[in-house]
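Engineer: here is a sequence together with a model predicted from it:
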Amino acid sequence: MKIAYQGIAGSYSESCARENYPEAKTIPCRTFQDAFELAQNDSTIKAIIPEQNQLIGSINIETLILKYRLNIFAEHFYRINHNLLVLPGSKLKDVKEVHSHTAALSQTSGFIREHKLKEIVMADTAGSAAYISKKKDKTKAAIASKLSAEIYGLDILKSDVQDDKENFTRFLVFQKDVSQPDFKKEEKYITSFLFKLKNKPAALYQSLTGMSLRQVDMTKLQSFSEKGTFSSYYFFCEVQGHISEEKVAGALSDVELHCSEFQLLGVFKQDTFRKKST
């Protein structure tokens, strides 16, 4: 298996891929779009993409989901553990600057303020680790993953430096070929789909009524405008259950009656994290 991800070696996306698919070959990409394109053009490549972070919310990949219409193969909730990475032998008293992505810096602001460190914003966390390794300056440190420390020969001076210890990112795995697991009563599933409503009053309310009547639990509903307009919207929606279940299939049929466009994106097993968080 080959898995494409956005970023350079040592990113949290690659860390998630390695944890869940240890035998896979990982392929770094400059952008999310590059990762989607690799998966679209080669059925042997999957793309692992962050979809939502517990603290900062949506990563805003919905327009790419719409553009490429790839099958969602799996979901993974990955714990983001921010680490202070330094050159081997460096002490905390030596460090004056901390380099990282703006999200990582904001999530570790308490630690940064406590130690009176100067924040330097960089394009990504793994890139900041590579920069520190190259500069050979003990006054500079990076906030990045454990994998970054291993790849770039840095020491983890402090681990878990994030302000909120419960910090998870949900990743989705996309692929070209359509596949879904066989339904088993003892398993929990997510069914994911994309739709655009017909232009009529109360269309959204009418389309979702069937879910309530059939007792289907919705886990996500996110709207985003169609390209080039503020009057036409798509919805990215997920419900608990497998499409082969009568109540789920019926609820989706109810939605589709009110749509000018509807597409099933994927059916996949729920990550075990969902059980822990309920």
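Structural biologist: The structure has been received and is ready for your questions. Residues are numbered from 1 along each chain as shown.
Engineer: from Asp94, how far off is Thr272?
Structural biologist: Separation of Thr272 from Asp94 (CB to CB, to the nearest Å) stands at 41 Å. Placement of C-beta: from N, CA and C, glycine included.
Engineer: looking at these two, which one has more neighbours?
Structural biologist: Shown here are Thr272 and Asp94; by other CB atoms under 10 Å, Asp94 has more neighbours (15 against 11).
Engineer: quick one, helices of this protein?
Structural biologist: In the chain, the helices defined using DSSP state H lie at 12-20, 32-41, 62-68, 102-107, 109-114, 125-135, 146-152, 203-213, 246-256, 273-276.
Engineer: what are the buried residues along the worst-scoring helix or strand of the chain on mean pLDDT?
Structural biologist: Scoring the helices and strands of the chain by mean pLDDT, DSSP states H and E places helix 273-276 at the bottom, with a mean of 86. Of the residues in helix 273-276, Arg274 count as buried by neighbour count, 16 or more other CB atoms under 10 Å.
Engineer: now do stretch 35-48
Structural biologist: Buried residues in stretch 35-48 (16+ other CB under 10 Å): Ala35, Phe36, Glu37, Leu38, Ala39, Gln40, Ile45, Lys46, Ala47, Ile48.
Engineer: over to stretch 109-118?
Structural biologist: Applying 16+ other CB under 10 Å to stretch 109-118 flags Phe111, Ile112, His115, Leu117 as buried.
Engineer: and which of those is nearest Ser133?
Structural biologist: Of all the buried residues of stretch 109-118, Leu117 has the smallest distance to Ser133: 18.4 Å, by CB to CB.
Engineer: check contacts around Ser212.
Structural biologist: Contacts for Ser212 (CB atoms under 8 Å, 6 or more residues apart in numbering) come out as none.
Engineer: who does the least confident helix or strand of the chain touch, helix- and strand-wise?
Structural biologist: Contact here means 3 or more CB pairs under 8 Å, 6 or more residues apart in numbering; DSSP states H and E; on that basis helix 273-276 packs against no helix or strand.
Engineer: any residues touching that helix, and which ones?
Structural biologist: Under the contact criterion CB under 8 Å, 6+ apart, helix 273-276 has outside partners Phe77, Phe168, Lys188.
Engineer: that one: how far from the chain's middle?
Structural biologist: The chain centroid and the centroid of helix 273-276 are separated by 16 Å, computed with CA atoms, centre = their mean, to the nearest Å.
Engineer: with distance to Gln6 added, can I get the helices of the chain in CSV?
Structural biologist: Shown next, in CSV, are the helices of the chain (distance: least, CB to CB, whole Å):
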stretch, distance to Gln6
helix 12-20, 6
helix 32-41, 5
helix 62-68, 11
helix 102-107, 14
helix 109-114, 24
helix 125-135, 11
helix 146-152, 15
helix 203-213, 32
helix 246-256, 31
helix 273-276, 22
